[in-house]
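> Take this sequence and fold it.
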Amino acid sequence: MIVTTAFDETAELVQRAKHFADDLSIPFVPRRKKTVKSLLDSLDSQLFVVNNQRGLSYYEKGQEEVFFHPNMAMHRIKQLERGQTDSLVTACGLKEGMSFLDCTLGLASDTLVANYQVGPQGKVVSLEKSFPLFVLVREGLTYFAAYEKPEWKALIDRVSLVRADNLDYLRTCENDAFDVVYFDFMFHHSVESSQGIKVIKPVVAYDVMTEDHVKEAIRVAKKRVVVKSGYKNPIIEKLGFTISRQNQKRHFFYGVIEIEDMNKKADSL
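Residues are numbered from 1 along each chain as shown. Here you go, the predicted model:
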């Protein structure tokens with residue numbers, strides 16, 4: 001894995017790229033008018049490109065450019081600002097001041113929406129296992145707040161990103177550490193058909209939800225455990241999630257485990 005600049009190198013871009021490479025402890029390579037394909041073929045199969053168009057792009061040999069932009073989050077937050085509903089907010093029962101653990105960061109759309117909904121008094125922690133995706137989102141959020149939407153800076157500054165395997169992280173959490181624990185795994189049948197999801201497919205972690213994930217999430221959540229999935233995934237109900245009509249959408253659904261209901265059942269035994 002190496003770092004370089006956009007094709008048209010400038011002193012400012014070189015400085016940014018070197019600082020970025022030092023931060024990640026990976027080599028910086030001068031661009032010297034070489035194509036991305038040439039660098040991937042001759043030097044390394046994984047490449048970060050620091051640029052002024054998106055802030056940062058990532059390439060793997062034989063794959064398309066991967067980059068971050070919070071298009072979907074912007075649209076969803078504007079809907080909330082207009083007083084409309086959001087399916088994630090509804091399924092998770094998110095309110096101001098709540099705490100939310102996003103176990104699958106992805107392109108940060110759900111993280112940003114949750115951050116907006118819980119507000120400055122709330123807390124959102126977002127986990128990402130994939131190193132390239134974690135870096136792209138971290139740097140992309142910083143670039144977006146600085147150059148494209150500075151009015152979002154306060155919201156983005158509240159984003160707490162952690163590079164970690166979600167099951168490992170859950171095992172380190174205390175009981176009742178978060179109000180809501182949320183998963184959106186990249187299942188074999190993709191939940192969304194958007195171009196954004198297609199673009200990040202080469203760099204996402206294709207982990208599978210297990211009984212251990214559910215067990216740990218129930219221990220860590222005070223109110224709800226929520227999972228988003230496509231209709232062709234048969235295991236959600238088998239893992240104990242309830243699928244209500246209000247949480248069924250056109251291409252996906254949310255499965256919910258209510259912690260209070262579980263505790264009532266346990267008390268009645």
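> can you pull out the strands in the protein?
2-5, 46-50, 56-60, 66-67, 99-102, 123-128, 160-163, 178-183, 221-229, 253-258 (DSSP state E).
> Tell me who's in contact with Ile259.
Ile218, Ala221, Lys222, Lys223, Arg224, Val225 (Cβ atoms under 8 Å, 6 or more residues apart in numbering). For every residue, glycine as well, the C-beta is placed using N, CA and C.
> what about 7 Å?
Shown in contact with Ile259 (Cβ atoms under 7 Å, 6 or more residues apart in numbering): Ile218, Ala221, Lys222, Lys223, Arg224.
> Now for the nearest residue to the last one once chain neighbours are set aside, how many residues are close by?
In space, Arg224 comes closest to Val180 once its chain neighbours are excluded; the distance is 5.0 Å by Cβ to Cβ, 6 or more residues apart in numbering. A count of nearby residues for Val180, using other Cβ atoms under 10 Å, gives 27.
> And the pLDDT at Val180?
For Val180, the model assigns a pLDDT of 98.
> what about it, distance to Gly106?
17 Å (Cβ to Cβ, to the nearest Å).
> Then Gly97?
Gly97 is 25 Å from Gly106, by Cβ to Cβ.
> So which of the two has more stuff around it?
A count of neighbours by other Cβ under 10 Å puts Gly106 above the other of Gly97 and Gly106, at 23 against 12.
> so what's the spatially closest residue to Glu211 that is not a sequence neighbour up against?
Spatial nearest neighbour of Glu211, chain neighbours left out: Leu239 (6.6 Å); criterion: Cβ to Cβ, 6+ apart. Leu239 is in contact with Met209, Glu211, Val214, counting by Cβ under 7 Å, 6+ apart.
> What of Pro120?
Arg158.
> Check Ser109 too.
Neighbours of Ser109 in contact, by Cβ under 7 Å, 6+ apart: Pro70, Met72, Ala73, Arg76.
> can you put the residues you listed in a markdown table and add distance to Tyr116 and pLDDT?
What follows is the contacts of Ser109, written out as a markdown table (distance: Cβ to Cβ, whole Å; pLDDT from 0 to 100):
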| residue | distance to Tyr116 | pLDDT |
| --- | --- | --- |
| Pro70 | 11 | 86 |
| Met72 | 13 | 86 |
| Ala73 | 8 | 92 |
| Arg76 | 8 | 94 |
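> Which one of those residues sits in the busiest neighbourhood?
Pro70 (24 neighbours).
> does that one really touch Ala145, like I thought?
No - in this structure Pro70 lies outside contact range of Ala145 using Cβ atoms under 7 Å: 10.0 Å.
> about what we covered before: mind putting the contacts of Ile259 in TSV, pLDDT and distance to Lys149 included?
Shown next, in TSV, are the contacts of Ile259 (pLDDT from 0 to 100; distance: Cβ to Cβ, whole Å):
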residue	pLDDT	distance to Lys149
Ile218	97	37
Ala221	98	31
Lys222	97	32
Lys223	97	31
Arg224	97	30
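> Helices of the stretch 151-269 of the chain, residue ranges please.
153-157, 166-172, 195-200, 211-220, 235-238, 259-268 (DSSP state H, counting those that start in this stretch).
> hmm, back to that, now list the buried members of the contacts of Leu239.
Met209, Val214 (16 or more other Cβ atoms under 10 Å).
> Which single one of the contacts of Leu239 is nearest to Pro150?
Met209 (37.5 Å; Cβ to Cβ).
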